[in-house]
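Participant: A predicted structure for the sequence below; I have some questions about it.
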Amino acid sequence: MTKRLSSFIFLLGRFPRAHVAATLALAALLGAAMLVPETGSSVPSQMESFELALPERGGSEMDSDTNISTAAERQWREITIRSGDTLGNLLRNNGVSAAQVHTLVSTDPTLKELANLRVGQTLRIDIDQYGTLQAIEQEISRVETRRGVLQNGEWQAEHIKRDYQRQMSYAEAVIEDSLFLAGQQAGMTDNLIMQLANIFAWDIDFILDIRRGDHFRVLYEELLLDGEKVADGDILMAEFWNRDRKVTAFRFETADGQTEYLDALGNSMRREFIRTPVEFARISSRFNPNRRHPVLNTIRAHRGVDYAAPSGTPIRAAGDGRVEFVGKKGGYGNVIIIRHGQAYSTLYAHMRSFTRGMRNGTRVKQGQTIGYVGMTGLASGPHLHYEFLVNGVHRDPLTVKLPKAQGIPEGERKAFLVHANRLRNQLALYSDANTLAANESR
Ligand SMILES: [Zn+2]
C-alpha cells in the first residue's frame, strides 16, 4: 500500500451511490444494535456523506427542574444586538415600560444576566397586545440560551443547554513524514490528531518511534448543531501500526462515569508510577520553593525530593517511559531524565553511574534499574535528588496526584468486551468502504 489514503470523507465525492447503499445495508446488519436514526424524518443527507448516526448521549441539562412551557404560539420578535444597545433601551423602544424592565432584571440572578448584551447576539422578545413583555430569550452561545417567561405575573427563569448531536466519522492514513501531516491529509483536525497522539503516548513516541509506512485507523465522533459540525468529539477507537507492532485503544465509560482508553483486554492505555524510586532510603530534604541550599547557602527552590541512601543503591525508573537525557548537567552531576507519556517526566540527579545501555531514546520499564545513588555535582553526601514534572512544571513527588491506570472494573469486563467488539465492527465497516472507494477511484 504505497499510495497514501486520503480521508474517507474526501473520497466520497467519487464514491458511487450503489456502493454506498450496499455498504449501508451491511452497516445495518453489523451495527443494528447501535444504529439509531437521528430524529425520525425522511432519509437523511447521511446517505450522501455516509455518516452513521449515533444515539445521543445524555439528556439536555437544565438548571431548573421546572420545564417552563415553551408556548409554540409565541410571537417572537427577534433583535440582533448592535453596538450601544442596552436591554432597557431595546425593551422601551418596543413599548415595554421601564417598571417592567426593572422587575424583569431584579427578580432572579439568571434574568439579571439578560442585561449583559454582546454585539451580534440574538435577543427574542414576546410582547402582547397591551405592551406587556411575556417572554424573553437570549442566545448566550450556540448551545446555551437564557429564557424568562412571565407566568401568573411572576418571572420564571430558565437556563437551557442544548445537546450536541453526535455523528461517527472515520479516518485512516499512512505516515510518510509525520503523524501531523498524515492526520491532516486524512481530514483530521489538529485537536483530533493530538487526541490520537495522547491515547498512544505511553506506547509510541511520535517523534522517535515513527517510521515511514506506519499507519493508523481511527473512529471518532463529531459534534453537530442543526446538522452542522461545530466541534470534534472523542476518539472512540484507534489502531496504530508502529513498525511491526500494532496497538489498539477503545474508549470506555464505566458505570460510575469515568472514561478511559483501554486495550483489547481492558487494560488501561496509561501507566502507573511508583512513588519512591529508591528502596531503603530516607527522605533527607523535601520539595520546598524557599529552601536554603546546603552547599551554596543561598535561598534556592528545592524542586524535588532528596533520598539519602548509601552510594551504589539502585535507582529505579518511576514509570514506563523513554530516556530523554542521560549525562552530566551542572550541579545535578550525572542525571537521567525520563519522559513518560505526553505529560510527565522524572529526573534523577547526583547519580554515581548509569546502568549499561542507558542512552537517549532507551525505553525503560517501571521499576527497572537505571543507575546508582552517588554524590556527583553539588551534593553534600550520597543521595538521589528526584524531580517530578507535569507538563513541564515541577510538582512535589510526594504529593503529586499520579495517574491511575486501573483498567476495567471486573464487573464491567463483559460490557466492555461487547462494546469493544461493536466498535471493532464499525471500524472494519468504514475501513472496507474506504478501501472500496480507493479502488474505485484508481
Ligand atoms: Zn535535591
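Facilitator: It's in.

Participant: quick check: closest non-adjacent residue to the residue in the chain positioned nearest to the ion.
Facilitator: The minimum distance from the chain to the ion, using C-beta to the ion, falls at His385 (3.3 Å). In this view, the C-beta of every residue, glycine as well, is placed from N, C-alpha and C. Once flanking residues are discounted, His385 sits nearest to Ala349: 4.0 Å by C-beta to C-beta, 6 or more residues apart in numbering.

Participant: wait, is the residue of the chain closest to the ion part of a strand?
Facilitator: Yes - using DSSP: H, G, I helix; E, B strand; the rest coil, the secondary structure at His385 is a strand.

Participant: quick check: Gln368 vs Ala201, distance?
Facilitator: 19 Å (C-beta to C-beta, to the nearest Å).

Participant: before we move on, what about Glu73?
Facilitator: With C-beta to C-beta as the criterion, Glu73 and Ala201 are 55 Å apart.

Participant: and if you look at Ala182?
Facilitator: From Ala182 over to Ala201 the distance is 17 Å, taken as C-beta to C-beta.

Participant: would you list the strands that the one helix or strand the residue nearest to His385 maps to pairs with, along with their directions?
Facilitator: Taking DSSP states H and E as the definition, Ala349 sits inside strand 344-354. If you go by DSSP bridges, strand 344-354 pairs up with strand 334-340 (antiparallel), strand 369-373 (antiparallel), strand 383-390 (antiparallel).

Participant: give me the distance from the helix or strand where Gln100 lies to the chain's centre.
Facilitator: Assessed by DSSP H and E, Gln100 sits inside helix 98-106. Here helix 98-106 is found 43 Å from its chain centre; the criterion is C-alpha atoms, centre = their mean, to the nearest Å.

Participant: restrict that helix to CA atoms and write it as CSV.
Facilitator: Taking Å, rounded to 0.1, in the frame of the first residue of the first chain, the C-alpha atoms of helix 98-106 are listed here in CSV:
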residue,chain,number,x,y,z
ALA,A,98,-39.4,51.0,32.5
ALA,A,99,-41.1,49.5,35.5
GLN,A,100,-41.5,46.1,33.8
VAL,A,101,-37.8,46.2,32.7
HIS,A,102,-36.9,46.8,36.3
THR,A,103,-38.9,43.9,37.6
LEU,A,104,-37.5,41.6,34.9
VAL,A,105,-33.9,42.1,35.8
SER,A,106,-34.3,42.3,39.6
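
Participant: quick one: average confidence on that helix?
Facilitator: Mean pLDDT, helix 98-106: 91.

Participant: list the buried ones in that helix?
Facilitator: 100-101, 103-105 (16 or more other C-beta atoms under 10 Å).

Participant: could you measure from the residue lying closest to Asp306 once chain neighbours are set aside over to Ser380?
Facilitator: Nearest-residue entry for Asp306: Ser285, 3.9 Å, with adjacent residues in sequence omitted and distances by C-beta to C-beta, 6+ apart. From Ser285 over to Ser380 the distance is 10 Å, taken as C-beta to C-beta.

Participant: those two: which has the busier surroundings?
Facilitator: Ser285 (16 against 12; other C-beta atoms under 10 Å).

Participant: wait, doesn't the more buried one sit right on Arg303?
Facilitator: No - counting by C-beta atoms under 8 Å, Ser285 stays clear of Arg303, with 11.1 Å between them.

Participant: what pLDDT does the model give Thr189?
Facilitator: We have a pLDDT of 94 for Thr189.

Participant: residues contacting it?
Facilitator: Thr189 is in contact with Asp232, counting by C-beta atoms under 8 Å, 6 or more residues apart in numbering.

Participant: give the buried residues for stretch 228-237.
Facilitator: 229, 232-233, 235-237.

Participant: now the residues you listed as JSON lines including pLDDT and secondary structure?
Facilitator: Below are the buried residues of stretch 228-237 laid out as JSON lines (pLDDT from 0 to 100; DSSP: H, G, I helix; E, B strand; the rest coil):
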{"residue": "Lys229", "pLDDT": "91", "secondary structure": "strand"}
{"residue": "Asp232", "pLDDT": "93", "secondary structure": "strand"}
{"residue": "Gly233", "pLDDT": "94", "secondary structure": "strand"}
{"residue": "Ile235", "pLDDT": "98", "secondary structure": "strand"}
{"residue": "Leu236", "pLDDT": "98", "secondary structure": "strand"}
{"residue": "Met237", "pLDDT": "98", "secondary structure": "strand"}
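
Participant: that older thread, could you dump the buried residues of helix 98-106 to TSV with distance to the ion?
Facilitator: Converted to TSV, the buried residues of helix 98-106 look like this (distance: C-beta to the ion, whole Å):
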residue	distance to the ion
Gln100	68
Val101	64
Thr103	64
Leu104	62
Val105	58
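
Participant: of these, closest to Asp190?
Facilitator: Comparing those against Asp190 with C-beta to C-beta places Val105 closest, at 41.6 Å.

Participant: tell me which element the residue lying closest to the closest one once chain neighbours are set aside falls in.
Facilitator: Using C-beta to C-beta, 6+ apart and skipping the chain neighbours, the partner closest in space to Val105 is Lys112 (5.1 Å). Using DSSP H and E, Lys112 falls within helix 109-112.

Participant: tell me the domain ranges of the chain?
Facilitator: 8-55+164-262, 61-161, 282-395 (automatic domain parsing).

Participant: residues near Leu436, how many?
Facilitator: Neighbourhood size, Leu436 [other C-beta under 10 Å]: 17.

Participant: repeat for Arg146
Facilitator: 20.

Participant: what's across from the residue lying closest to it once chain neighbours are set aside in the sheet?
Facilitator: Of all residues not flanking Arg146 in the chain, Gln138 sits nearest, at 4.5 Å (C-beta to C-beta, 6+ apart). With DSSP bridges as the criterion, Gln138 is bridged to Leu123, Arg146.

Participant: could you check the pLDDT of Gln138?
Facilitator: For Gln138, the model assigns a pLDDT of 94.

Participant: quick one, what contacts it?
Facilitator: Contact partners of Gln138, counting by C-beta under 8 Å, 6+ apart, are 113-114, 117, 121-124, 145-147.

Participant: no more questions from me, cheers.
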